[in-house]
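Show me how the following folds:
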Amino acid sequence: MLFKIGTSRLFRSFFVLALVLAATATSRGQAQRAQATPAQVAADPAAACGCEATPLPEVLANVNGVRVTRQELAPEVQKRVASLQQQVVEARWRELDLQINSKLLNAEAKKRGMTPIKLLETEVVSKAQEPTEADAQKFYDENKARIGRSFVDVKADLISYLRDTRRRELAARFSETLRASAQVKKLVQQVSPPSTPADRARVLATVNGENITSADIEDALLPFVFSVQEQVYNVRKQNVELKVNDLLLTQEAQKRGITTSALLEAEIKTKIPAVTEADAQKFYDENKARIDGDFAKTKEQIIQYLRDDASHKAALAFADRLRNAAQVQTFLVPPTPPVYTIATDDQPIKGNPNASVTLVEFTDYQCPSCANAHPMLERIAAEYGDRVRLVVRDYPLSQHPEAQKAAEAAEAAREQGKYWEYVSLLYQNQSALKADKLKEYASRVGLDRAVFDAALDSGKFAESVHRDVLDGERVGVAGTPTVFVNGRRITPANYEGLKEAIEAALKSRAE
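The predicted model follows:
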């Protein structure tokens, strides 16, 4: 993300970082004081992070009456959890600087009578010297040992890296200029989480008299905090599941009066079928496109892989048998996905505008998964009729070079009332989304070509697309398609998962 405004995706990868670095360089002492040390986090991770969704229970599992307590979590698990929570601690300070810089950029753009995107183009992109092949070669020669690939293979990546580096440097200088002419006051030495709902109103900084509150920081970090909560839950859950399996194995071995090694030998190793050369050949033939080398060269590796896979499956099956015969309870609670407020004004809508359930899809017209999801979402909208509305927002991914213009073209088609007909053509022709083809599709659906072409060529709807991208990032969108039902992200976003979420939302509304 770049700024809290509709800045171009072109800048998101470097500009905010440069501004934040420049800002923190001028107040490094404050930044260091604001970040809790690893020792502080380790002493009380939950308090420093403020991201434990529910208190970690004392007893994490019960296996046939034997308890697994939180003190038994492996040291490496506790270290990993502390590291994840430290990331949230540090992210709060960075987010404060980011919001300061965003306000400065907005104010400067308004002063000059231009959009923030245009301001960035003027002050950064247009002033950055384009790297040459000679520049890339020089960088490659100086770093060949670390790169480990031929110059031909990495030339394009090196040029892109050098381009971004130069823009970062210009952005950092621009940030320093903005800060020097503004009244910026940081009112805290540590950006701590709010201790109460009322504490969300606490002012952390002012920019030319405009407040940045604790709520501004927490709302912006909501997707990131949830991501950390999920990772913390998963790393703990994996460790608890391992301990449960170990207890079950020990209890079963004691019941039989043998060692755990003997039990594993009897239940796993002796029951694994032999892997033959024919099995390896079959696997090779089915996966040849993904295997580097001929069968003779890879045969032994394939056989070992198949043996390991069979052993793993046998171990899982044995663990399942032990669990089915035991009394096992686990008490870890997964984090509840946050509910976001997602703007739906001035967006393509299918269904009842006043429906109690809203599906919001963030899409990329060059994304094959989005093309597959499109008819499924339309089917759901048709099945639920007036009870559901489908809203589509743009999220062109950087790896899809034609996605941005395709999104602008879809907006130009919507301007003439032909959005749904037009995007169907985009999804059907994802390998042909150049400007000339986008205009050809406009003719196919009966658009006024003069109006459409003018809108596409002028970038009339670029800001609209950028707004969607920014809103998507604000709610944690990182790929496409991403679908929300009444503000809650649904995974997996398949037909069954979405229907289940819709039914739950309808039931909740009825209650």
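
do you know how far the residue located most distally from the centre of the chain is from M114?
Most distant from the centre of the chain: G257, at 49.9 Å, with distances by Cα atoms, centre = their mean. Taking Cβ to Cβ, to the nearest Å as the criterion, G257 is separated from M114 by 82 Å. (C-beta placed from N, C-alpha, C; glycine too.)

Could you give me the buried positions within stretch 148-163?
By 16 or more other Cβ atoms under 10 Å, the buried positions in stretch 148-163 come out as V154, L158, I159, L162, R163.

oh sorry, the question was meant for stretch 115-134
Buried residues in stretch 115-134, counting neighbours by 16+ other Cβ under 10 Å, are found at T115, P116, I117, L119, L120, E121, E123, V124, V125, A128, P131.

In helices only, show me those residues.
Applying DSSP state H to the buried residues of stretch 115-134, the entries found in helices are P116, I117, L119, L120.

just checking, the third one touches E108?
Translated: L119. Yes: if you go by Cβ atoms under 8 Å, L119 and E108 touch, sitting 6.2 Å apart.

where are the low-confidence patches of the protein?
By pLDDT under 70, the low-scoring segments of the chain are 1-46.

Show me where it has its strands.
Using DSSP state E, the strands found in the chain span residues 59-63, 66-69, 184-186, 203-207, 210-213, 328-330, 349-351, 357-363, 388-394, 482-485, 488-489.

And for the second one, what's in contact with it?
To tie it back to what came earlier, the one meant is strand 66-69. Contact with strand 66-69 is made by E58, V59, L60, A61, N62, V240, K243, V244, L247, Q251, as judged by Cβ atoms under 8 Å, 6 or more residues apart in numbering.

Of all the helix elements in the protein, which one is longest?
The helix spanning the most residues in the chain, taking DSSP H as the definition, is helix 214-256.

Show me what it is packed up against.
Using 3 or more Cβ pairs under 8 Å, 6 or more residues apart in numbering; DSSP states H and E as the contact definition, the elements that helix 214-256 packs against are strand 59-63, strand 66-69, helix 75-112, strand 203-207, helix 260-267, helix 295-324, strand 328-330.

Tell me the helices and strands packed up against the fourth one.
This points to strand 203-207. Going by 3+ Cβ pairs under 8 Å, 6+ apart, strand 203-207 lies up against helix 75-112, strand 184-186, strand 210-213, helix 214-256.

in the shortest one, what's buried?
Of the residues in strand 184-186, those with enough neighbours to count as buried (16+ other Cβ under 10 Å) are V184, K186.

helices or strands next to it in the packing?
Under the contact definition 3+ Cβ pairs under 8 Å, 6+ apart, strand 184-186 sits against helix 75-112, strand 203-207.

Make JSON lines out of these and add mean neighbour count.
Shown next, in JSON lines, are these (neighbours: other Cβ atoms under 10 Å):
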{"stretch": "helix 75-112", "mean neighbour count": "19"}
{"stretch": "strand 203-207", "mean neighbour count": "19"}
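
Distance to C367 for these - can I get that in TSV?
Written out in TSV, the entries for the helices and strands packed on strand 184-186 read as follows (distance: least, Cβ to Cβ, whole Å):
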stretch	distance to C367
helix 75-112	28
strand 203-207	37
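
Turn the strands of the chain into CSV, including distance to P338.
Shown next, in CSV, are the strands of the chain (distance: least, Cβ to Cβ, whole Å):
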stretch, distance to P338
strand 59-63, 24
strand 66-69, 29
strand 184-186, 27
strand 203-207, 21
strand 210-213, 18
strand 328-330, 24
strand 349-351, 24
strand 357-363, 14
strand 388-394, 18
strand 482-485, 11
strand 488-489, 8
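
I'd like to know which of those is closest to D219.
Closest to D219 of these is strand 210-213 (Cβ to Cβ; 9.4 Å).

and that closest one, which strands flank it?
Within its sheet, and counting by DSSP bridges, strand 210-213 is paired with strand 203-207 (antiparallel).

Now do the partner strand and helix 75-112, the angle between them.
Compare the direction of strand 203-207 with that of helix 75-112 by axes from the mean of the first three to the mean of the last three Cα atoms, to 10 degrees and you get 30 degrees.

what's the angle between strand 203-207 and helix 214-256?
Angle, strand 203-207 to helix 214-256, by the same axes, to 10 degrees: 140 degrees.

Neighbours of the residue nearest to A501 when sequence neighbours are not counted, how many?
Closest residue to A501 in three dimensions, ignoring its sequence neighbours and counting by Cβ to Cβ, 6 or more residues apart in numbering: V485, at 4.2 Å. By the criterion of other Cβ atoms under 10 Å, V485 has 23 neighbours.
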